[in-house]
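[1] my questions concern the predicted model and sequence given below.
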Amino acid sequence: MRIKKFTANNYADALAQVKRELGDEALIMSTRSIKPNSPLSSRNVASKVEITAAVEFKEPEPLENELDLDEANGLDIKSLIFNLLSESGQAQTLGLKPSQFETYSHLVENGLDEKLASKILKKSINGNDDKPAKEKSRVMNLMKKVIPFEGEINLESEGPKLVAFVGPTGVGKTTTLAKVAADYAFRKNKKVALVSLDTYRLGAVDQLQIYGDIMRLPVEVAGGKADLCEIVKKHSDKDLILIDTTGRSHRDKEYCLQLKELFAAVGEVETHLVLSVTAQEKLFSTTYQQFSPLGVDRVLFTKLDEGLSFGPLFNFSVRNRIPLSYFTVGQNVPEDLEVAGPDKVISLIFN
Ligand SMILES: Nc1nc2c(ncn2[C@@H]2O[C@H](COP(=O)(O)OP(=O)(O)OP(=O)(O)O)[C@@H](O)[C@H]2O)c(=O)[nH]1
Ligand SMILES: [Mg+2]
C-alpha cells in the first residue's frame, strides 16, 4: 500500500492531485487545514489543506514524504487502516469513500465544520443504497434531519406573546423586527405593539418610531422594569408584542443580566438571538455565550444576501440545538424576510 500526503490551497486542488497521482481508487484517510505556523506571519497568509491518501500498489516508488507498508499476512491493510483511523475519532480522519470526497470538500469549503461534515458523510455510507448517484441526496437528507427549526412565531397560546430580539450591534434587529411586525399586522391581521428597550444609542428609538408610524402600530419605550410591566399591561389586548433591544458588544456581560431581570418582570419572553451571516463564525459562539443566561429560544440569521458561506449557520444551529426562526435576505422592509427551514439551509450550502 502506498500512502502519501498532498498539500494545496484548497480541498478541490488537493483532491485533483490525489486523483492525478494515485487514481480514482485512492482512499482518503485524513484531511486537515494547516494554519500558517508563525505567530508573526501576516493574517492574510491563507491556510493550506493537507490530504493523506492511500492506494494499493504493485511497484513501490521512492517519493518524498511517502510511507510504504508491506502487505501483512493476508490482512486487508486498506480496511485495517480505514478502521483504525476512523475509530481514532480524530478530527482529520475521514474514512470516506473516494466518491464521497467531492461532497466533503464542497461542504468544508462552504464553512461546514470538518468534524461535522465527516460525521454526516460517514453516516451516509451506512445507508443501504451504495449507488454514487444517490450519495449526495442521502447526505442532503441527513443534513436536513439534524437542522433544528421551529418556523415562524407561534401565537397559539393565550394573551399577548412577547418576543425579544437580542444580539450584537448592527446585525439587523430593528429592521427584522419591523419586517416581522408587518407580516403579523398586515398579512396575518394580528394586533401588534412594538417596544424599544433601546435607550442606549442615540436615534435608536426614532428608528423604531418611524417604522411604527409607517405601519400605524403603537411604539412604546421602556427604560426599566416598571415601564415594561406597565406597557405589557396596557397592551394586554394585543396578539404580539415585539421588543427591540440595544446592540451591545459581546464583552458587555452586565447588559445580559439587566435584560434577564427586565424579562423576568413580565413573565414569558421568547428570545430570538439575531446573528448576521457576514460576521465571523467565532462571534456566533461568543455572542451565544453572552446571551445564554437569558435563555435563547431561537436563532435568526440576517443578511443572507451578503453572505459568502453558509456552513457556519448550519454548524451553529446543529451544535447548539437552537431552532432557527427567520432568515433575512435584504434591507427591504417588509419583503426581505423568510421563515427559516432545512430546505433553505440545504439550498444555501449546496447551490
Ligand atoms: N444586506 C442586508 N442588510 C440588512 C439586512 N437586515 C438589516 N440590514 C441592514 O443592516 C443595518 C443595521 O440594521 P439595524 O436593524 O439598524 O440593526 P440593529 O441590530 O438594530 O443595530 P443596533 O440597534 O445598532 O444594534 C441597516 O443598514 C439595515 O438596513 C439584510 O437582511 N440584508
Ligand atoms: Mg436597533
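    Cool, got the structure. Ligands and ions are numbered 1, 2, ... in the order given.

[2] who does the helix or strand I28 falls within pair up with?
    Following DSSP states H and E, the helix or strand that holds I28 is strand 27-34. Sheet pairing of strand 27-34 (DSSP bridges) gives strand 48-55 (antiparallel), strand 93-96 (antiparallel).

[3] of all those strands, which lies closest to ligand 1?
    For the strands paired with strand 27-34, distance to ligand 1 was read as CB to the nearest ligand atom. The smallest value, 30.5 Å, belongs to strand 48-55. The C-beta positions use only the backbone N, C-alpha and C, and glycine is treated the same way.

[4] can you give me how far that closest one is from the chain middle?
    Computed by CA atoms, centre = their mean, to the nearest Å, the separation of strand 48-55 from the middle of its chain amounts to 27 Å.

[5] average pLDDT across the strand holding I28?
    Mean per-residue pLDDT for strand 27-34: 78.

[6] CA atoms of it as PDB?
    These are the backbone C-alpha positions of strand 27-34, laid out as PDB (Å, rounded to 0.1, in the frame of the first residue of the first chain):
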ATOM      1  CA  LEU A  27      -8.700   6.000  -0.300                       C
ATOM      2  CA  ILE A  28      -8.800   9.300   1.500                       C
ATOM      3  CA  MET A  29      -7.500   8.600   5.000                       C
ATOM      4  CA  SER A  30      -7.400  12.100   6.600                       C
ATOM      5  CA  THR A  31      -7.700  15.800   5.800                       C
ATOM      6  CA  ARG A  32      -6.700  18.800   7.800                       C
ATOM      7  CA  SER A  33      -6.300  22.500   7.500                       C
ATOM      8  CA  ILE A  34      -2.800  23.800   8.000                       C
END
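
[7] enumerate the residues of the stretch 251-351 of the chain near ligand 1.
    Residues of the stretch 251-351 of the chain lying close to ligand 1 by CB under 6 Å from any ligand atom are 302-303, 305-306, 328-331, 336.

[8] out of those, who's near ligand 2?
    With respect to ligand 2, and counting by CB under 5 Å from the ion, no part of those is in contact.

[9] same list (the residues you listed) but as CSV, adding pLDDT.
    Converted to CSV, these look like this (pLDDT from 0 to 100):
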residue, pLDDT
T302, 98
K303, 98
D305, 97
E306, 97
T328, 98
V329, 98
G330, 97
Q331, 97
D336, 98
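
[10] circling back to that earlier point, most tightly surrounded among the strands paired with strand 27-34?
    Comparing the strands paired with strand 27-34 by mean neighbour count (mean count of other CB atoms under 10 Å), strand 93-96 ranks first with a mean of 24.

[11] tell me the residue of the stretch 201-350 of the chain that sits nearest ligand 2?
    Residue of the stretch 201-350 of the chain nearest ligand 2, by CB to the ion: A204 (5.3 Å).
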